[in-house]
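Visitor: one predicted model, sequence on top.
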Amino acid sequence: MAVLDIITYPDARLKQVAEEVKTFDDDLLKFIQNLEETMDAGPGGVGIAATQVGVMLRIVIVDVSSYPRLKKAKHHGRLVLINPEIVDWQGMKKGREGCMSVPDFTGNVIRAENIRLKALDREGVEQQYEMEGFEARAVQHEIDHLDGLLFLDRLVSRRNDLFERKKKNEN
């Protein structure tokens, strides 16, 4: 398998809308494995979208299970979501987000607190999920990538809600 290169802002490919996956074959499974390996090799991200590696297909992977503050929070473990669609949402909450494609900044974004989602799994079988809290936020963030949006496009305020990320070697 392979770790893929993550494209970063302002690369124009991050603004492209991804196409639906229509073919479920060995090539798709290999790509999903590479995407998982890329997410795992990254700097602690909880999700990745195919568009972040320059593949314009509606595929995201989300796994908040290892996020330190969420050890006891409800989540679904590692999810491969193909052609994901939010079918219902409730409540809104502001929260801080970062992104592997925007490595130098984090920002405050308002997202739904609870979502109901349908998506295909890696075999092409439709699944439905109820999600809340950080997992719901992560899924919304990744689906935005499929629609050509970054968290930068959803900032509450560019003046007050965009923050420079501290570098690891800073004290």
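Guide: Great, that's in hand.
Visitor: which SSE is immediately downstream of the biggest strand by length in the chain?
Guide: Ranked by number of residues, the top strand in the chain under DSSP state E is strand 79-99. The element immediately downstream of strand 79-99 (helix or strand, assigned by DSSP states H and E) is strand 102-120.
Visitor: who does the helix or strand following that next one pair up with?
Guide: Counting by DSSP H and E, the next helix or strand C-terminal to strand 102-120 is strand 126-132. Here strand 126-132 is paired, per DSSP bridges, with strand 102-120 (antiparallel).
Visitor: how far is the partner strand from where the chain is centred?
Guide: 7 Å (CA atoms, centre = their mean, to the nearest Å).
Visitor: now do stretch 27-41
Guide: 14 Å.
Visitor: check stretch 36-50 too.
Guide: From the chain centre to the centre of stretch 36-50 is a distance of 9 Å (CA atoms, centre = their mean).
Visitor: now residue 137: closest residue in space that isn't a chain neighbour?
Guide: If the residues on either side of it in the chain are set aside, residue 137 comes closest to residue 111, at 4.9 Å by CB to CB, 6 or more residues apart in numbering. C-betas here are computed from N, CA, C, even on glycine.
Visitor: and if you look at residue 142?
Guide: Residue 142 sits nearest to residue 60 (CB to CB, 6+ apart), 3.8 Å away.
Visitor: centroid residue for this protein?
Guide: residue 142 (2.5 Å; CA atoms, centre = their mean).
Visitor: which secondary structure elements does the helix or strand containing it contact?
Guide: Here residue 142 is covered by helix 133-146, with elements defined by DSSP H and E. Using 3 or more CB pairs under 8 Å, 6 or more residues apart in numbering; DSSP states H and E as the contact test, the elements touching helix 133-146 are strand 47-49, strand 59-62, strand 79-99, strand 102-120.
Visitor: mind putting the ones you listed into JSON lines with mean pLDDT?
Guide: As requested, these are exported to JSON lines (pLDDT from 0 to 100):
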{"stretch": "strand 47-49", "mean pLDDT": "97"}
{"stretch": "strand 59-62", "mean pLDDT": "98"}
{"stretch": "strand 79-99", "mean pLDDT": "97"}
{"stretch": "strand 102-120", "mean pLDDT": "97"}
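Visitor: any weak-confidence spans in the chain?
Guide: 68-72, 167-171 (pLDDT under 70).
Visitor: which helix runs longest in it?
Guide: As assigned by DSSP state H, the longest helix anywhere in the chain is helix 26-41.
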